[in-house]
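[1] sequence and predicted structure, then a few things I'm wondering about:
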There are 2 protein chains.
Amino acid sequence: MRRAGIDTYRQPVLYLHRDCPVCRAEGFAALTRVRIGSGGRDTVAVLNVVTGDWLGAHEAALSEAAWQALRPEPGALAEFAHADPAESCSLLRAKVYGARLGEQDFAAVLRDVLAARLSDIELAAFVTACAGDRMDLDECIALTRAMVAVGDRLDWGAGPVLDKHCVGGLPGNRTTPIIVSIVAALGYRIPKTSSRAITSPAGTADVMATMTAVDLNLGELRRVVEREGGCLASGGRIRLSPADDMFIQVERPLDIDSGGQMVASILSKKAAAGSTHVLIDIPVGATAKIRTPAAADAIARRLTLVGEAMGLRVGIRLSDGRQPVGWGIGPALEARDVLAVLRCAPDAPRDLRERALDIAGAVLELLPESRPGRGREAATVALDSGAALEKFMAICEAQGGFREPGKARFARAFVSPTTGRVACINNRLLARVAKLAGAPNDPTAGVVCTLREGDPIDTGAPLFVVHAEAEGELAYALNYAAGHADILAIRSGPE
Amino acid sequence: MRRAGIDTYRQPVLYLHRDCPVCRAEGFAALTRVRIGSGGRDTVAVLNVVTGDWLGAHEAALSEAAWQALRPEPGALAEFAHADPAESCSLLRAKVYGARLGEQDFAAVLRDVLAARLSDIELAAFVTACAGDRMDLDECIALTRAMVAVGDRLDWGAGPVLDKHCVGGLPGNRTTPIIVSIVAALGYRIPKTSSRAITSPAGTADVMATMTAVDLNLGELRRVVEREGGCLASGGRIRLSPADDMFIQVERPLDIDSGGQMVASILSKKAAAGSTHVLIDIPVGATAKIRTPAAADAIARRLTLVGEAMGLRVGIRLSDGRQPVGWGIGPALEARDVLAVLRCAPDAPRDLRERALDIAGAVLELLPESRPGRGREAATVALDSGAALEKFMAICEAQGGFREPGKARFARAFVSPTTGRVACINNRLLARVAKLAGAPNDPTAGVVCTLREGDPIDTGAPLFVVHAEAEGELAYALNYAAGHADILAIRSGPE
C-alpha cells in the first residue's frame, strides 16, 4: 500500500489498477465499496479504478482520509474484500419511505455512520429523510438518546451546570465567548463546547480558534473547567455526540440543517456534556434560520419536551433575527468584535453587547434561586467591571494561551450604487458573500458591515467590506455581491 | 490538461496539485466544485487536491467522466473558476423542507441535473425528498411534464401505439421480450424501450443486451419499428426523459425507487415514446416492490390520474408478487428463460409463459375494438404458432443480429440444510444474492432457482445455483446466502 497523495476530504478512497489481480478476482469496479484490512485496523473505502501508469498492478493507493484511517507503514500489505452492506441500510430505506424509527434503530444507523459504513449518498438520504416535519416527538427523543449513547459523556458531579446555545442563522452573532466569560466570572460552571460552522461563515469554535487552542481532549477540557469554571473549546475531539460531526459533512454542502435533527443534535450534545440548565436563543427573522414566530414556537416546544425527556431544564429566548449582530462576519472578524465588547471599547458593536448581556442574564435566571432581572444586572456588572475580560483571558491561558486574531491580506469595499436608507438586510446572502470570500476555511476572510436597517447611505459609500486571503476569492465574492442588489436593499429618496 | 486515468463512474473529478497557482489564486480546496472550460465546452467537476508528485503544479488531470465531458486534446489549456451555485439548489432545499414544487421548478432542477450541476449528494437529497408520500398529485403531474420537456419526444403518427410496463421487484419476471414479440406479431405497434437495472439484478435492457444490440439511436430505433412494428431497445441513447438516467446513479446505491418519482419516471418515458395505450403490471407481495394491495391501489390510482393528465390511456393489472417468475435471475439467465418460452421448449418456466400471455392479452384488450378474453386467446395463438418467436428473431436481426446468451465461468449450488417444503421465498434477499454474484454488471452472473412455495426439498439438495464470473463473487454470494436462512424458508416435517 502507498499514499496516493490525493485529498478527497472525509471520504476514504482506494485506488487500484484495472489490471490488479484483486480487482479481477473480487469483481471490483469503480465505486465498489471495499473493506481494507491492514495491521489490525480496517476501513471501508470507495474504489476508483486507475487506468493510467502511476499505479502498478500490485499496488494499492489510499487517499488521505483512508490513509489516516488505516495509518499503515508505507509498503505494508493489506486484505481487500467487498464491504458487507451496512445492516442499517434497511432502516435508512424504511425512514426514507416514512417509517418511524426507535432508539435502537437510530443507534444502529449511528454506529454505521461512525464506522464510516455509510456513503455520503446514504448520509444525505438519511439527513433528508429526517428533515422538515419527518420526525415526530418520540423519534426525536429516540434519536437524541441514541446520539448520546454512541459517544462520550461528561459528569461534573452535583450542582448546576449551565449552558447556552443559539440555533444560528444570524451572521456575526458571536455572543457565546462573552456569555461564558460572564457566567464563569460570576462563579458558575459553564463547560461550553462549540462546533465548527455547518452552513454559516463561522461557528464559535472557528472564532475561538483564531484566539486560542480549541481542540482540547477530554482531560484538557476537564482541567480548564476545574480551574476556571468555564471553557470555550471545540467539541471535535471530545466525541460528545460524535455522529453529529459526520452528518455535517453532507449538511454543509446541502445547506440543510433540519428541524428534528437539529433538536437532537443540540440536546444530545448538552446531555452528553453533563449540562443541567440550558438556555436556547432562537433568532427569528425573514432571512434567519428560523423565519417565523410559528416555526420558532414549534421548535421551542420540541426543544422543551425533548429536554424534559433527557432530564434537562431548557429555557427558550426568542430574539430579533432580522439583521446581523456585530460588525464582522467570519472567524477573525467576529473575534475582533468579541474582544471589543469584552474590553468595553468605545467602538464595540452595541447590539452584540446588549444581546450577550440579555442571554447571560437569561442563563443565570434559569437557576431556581434567581429572580427576574437580577441575572442581567449581575451580568452587566461582570462585564463592565472587567471581570468577564479577565475570565476570558484566564480561560484562553488555560486552553494554551491567548493571541490576537489575524488580518486578511486583501480587503475591498462594496459600494452603494445609490443614495437612500438601508431598507433591509438579507442575512443569507450576506453570509454567502462571507463564505465566497473564504470563510470559515480562511479564518481571516469574511465581511464587515456596520450598517443597520434605517441607516442613511450615499452613492459610492461602502455598504460592506470584503476580506479575503486570495484575489480570486475577493473578486468572486464581490462579483456575487454585484449580482445580488438585495443583499442590502436601499430605499432611495429622503426619509 | 491530461487524462488522470482514474475511473470515478459518472462523477467528473478534477485533480490539481496543492501547489498549483490556480488553486491558490482561486482558493480551491478538496471538494470545491470547479467549472472547467476548454475548446468551447465546459463542465463542472469536483476537485481532489493532489499532494503527491504524479501531477505537476502546472498540470490539471481529469477523471474519465470529466475527460469524456470535455474531450480535450492532450495538453490543451483550460480555464478554471468556482462553479456558480446551481440556481435550483434553493428549490431542492425548499422540497427537502416540504414545499410543493411546480412544473417550472422541476424543470429548473432537471436542467441542472442534466448539466451535471448537482452533485451526487444533492441528487440523493432530491430523490429522498420526493420519496414516499412527499409528492402530491399535482406535483407528480408537474414532474412528469418537466421530465418529458427536457428530453426528446417520438411521434409515430396517427393510430394506437401500445406499451407495457412492470413496476418491478420480482426477480426473473422478464415478460417484456415475449409480450413485445406477441403484440408485434399480431400487427400492432409496440416500440418498447427499457432501462438498465436500477436496484434489481437485471433490467429488460440488460437481458436483451445478452442477445442483441440494444443501444440504438433515434434513427435506428425508428427503422426497426417501421420494419418490425416493435423493438426491444435500451432507452439510454434516445434521451426519452433523460433526467431519469441521472437519478438512477443515486437510486441504485440507495436502493430507493420511490412512489411519486416512480410514476413520473414511468409515464414520462411512455409519453415521450409516443405511446397511446399503456398496460402497467404491478406485482404485489410481501417482498415485492409493492408490498400490499393498499399500496398497489394507491400507485394504480396515481398512475391512472397522471396518465390522464398526460393524454395516455393507462390500464392496470395487479399480479401475484409473492415469489420469483421463471428460473433465472440475472441478465443471461433470464434471457435463457425468455428463449425457452418463445421456443415453446418443454422445460420452459410455465409461470413466465402464463404471465406473459396474461399481460399480452391485457395490452391487446386496452384497444377500444377488443373484447374481454379475446386478447389472451390471440396472444396464445401467436406464441404457440411460432409467430412470436419469428418476430423476436426478426426484431433482434433488425437491431443488429441475434446471439445466444453466454454462460458464467463458475456455478455452485447452495444446498438445503434440512428436509421439508418451501414455506416462502424472499424476493429481495434472493435478488441480493444475484447482485452479490455480479449481476447485472457481469451479464452471465446471477441465480437459478426452480423451487416454488410448497415444493418438497431434501437435506443436501440444491435450493438454488449461483453463477459468477469470479471466485470472489461466487464465495461472497454463497457466504451471504449462508448467513440468511430466510431466503428460502423451509417448513420441516411432513406436509
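    In hand now; what should we look at?
[2] nearest residue to residue A:104 in space, ignoring adjacent ones along the chain?
    Closest residue to residue A:104 apart from its sequence neighbours, by CB to CB, 6 or more residues apart in numbering or on different chains: residue A:146 at 7.9 Å. C-beta here means a position set from N, CA and C on the backbone, and glycine is covered the same way.
[3] just the CA trace of the strand or helix carrying that neighbour, in CSV.
    Assigned by DSSP states H and E, residue A:146 belongs to helix A:137-149. Extracted in CSV, the C-alpha atoms of helix A:137-149 (Å, rounded to 0.1, in the frame of the first residue of the first chain):
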residue,chain,number,x,y,z
LEU,A,137,-41.5,13.8,19.0
ASP,A,138,-40.9,10.2,20.0
GLU,A,139,-38.5,9.7,17.2
CYS,A,140,-36.7,13.0,18.1
ILE,A,141,-36.3,11.7,21.7
ALA,A,142,-35.1,8.3,20.4
LEU,A,143,-32.6,9.9,18.1
THR,A,144,-31.3,12.2,20.9
ARG,A,145,-30.8,9.3,23.2
ALA,A,146,-29.1,7.3,20.5
MET,A,147,-26.8,10.2,19.7
VAL,A,148,-25.8,10.4,23.4
ALA,A,149,-25.4,6.6,23.7
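[4] in its sheet, what does whichever helix or strand comes after it sit against?
    Next helix or strand after helix A:137-149 toward the C-terminus (DSSP H and E): strand A:162-166. Using DSSP bridges, the strands paired with strand A:162-166 are strand A:277-284 (parallel).
[5] could you give the mean pLDDT of the helix or strand that comes right after the partner strand?
    Following strand A:277-284 in sequence order, the next helix or strand is helix A:293-309 (DSSP H and E). Helix A:293-309 carries an average pLDDT of 93.
[6] stretch A:118-131 now?
    88.
[7] equivalent analysis for stretch A:83-97, please.
    85.
[8] how long is that stretch from one end to the other?
    25 Å (CA to CA, to the nearest Å).
[9] now do the strands in the stretch 1-150 of chain A.
    With strands called from DSSP state E, counting those that start in this stretch, the stretch 1-150 of chain A shows them at A:2-3, A:6-7, A:13-17, A:33-38, A:41-50, A:60-62, A:79-82.
[10] quick one: the last one to chain centroid distance?
    Yep, that's strand A:79-82 we're talking about. In terms of CA atoms, centre = their mean, to the nearest Å, the gap separating the centre of strand A:79-82 from the centre of its chain is 35 Å.
[11] again with the first one
    On the basis of CA atoms, centre = their mean, strand A:2-3 is displaced by 32 Å from the centre of the chain it belongs to.
[12] same thing with the third one?
    For strand A:13-17, the gap between its own C-alpha mean and the chain's C-alpha mean amounts to 32 Å (CA atoms, centre = their mean).
[13] does that strand come close to chain B?
    Yes. Using CB under 8 Å from any CB of the partner chain, strand A:13-17 reaches chain B at residue A:15.
[14] interface residues of the stretch 101-250 of chain A facing chain B?
    Counting by CB under 8 Å from any CB, the residues of the stretch 101-250 of chain A near chain B are A:119-122, A:124-125, A:127-129, A:131-133, A:250.
[15] let's see it at 7 Å
    Residues of the stretch 101-250 of chain A found near chain B (CB under 7 Å from any CB of the partner chain) are A:119, A:120, A:121, A:122, A:124, A:125, A:128, A:129, A:131, A:132, A:133, A:250.
[16] and what of the stretch 251-400 of chain A?
    Contacts of the stretch 251-400 of chain A with chain B, taken as CB under 7 Å from any CB, map to A:253, A:254, A:255, A:256.
[17] the same query, at a cut-off of 8 Å, please.
    For the stretch 251-400 of chain A, the residues in contact with chain B (CB under 8 Å from any CB) are A:253, A:254, A:255, A:256, A:258.
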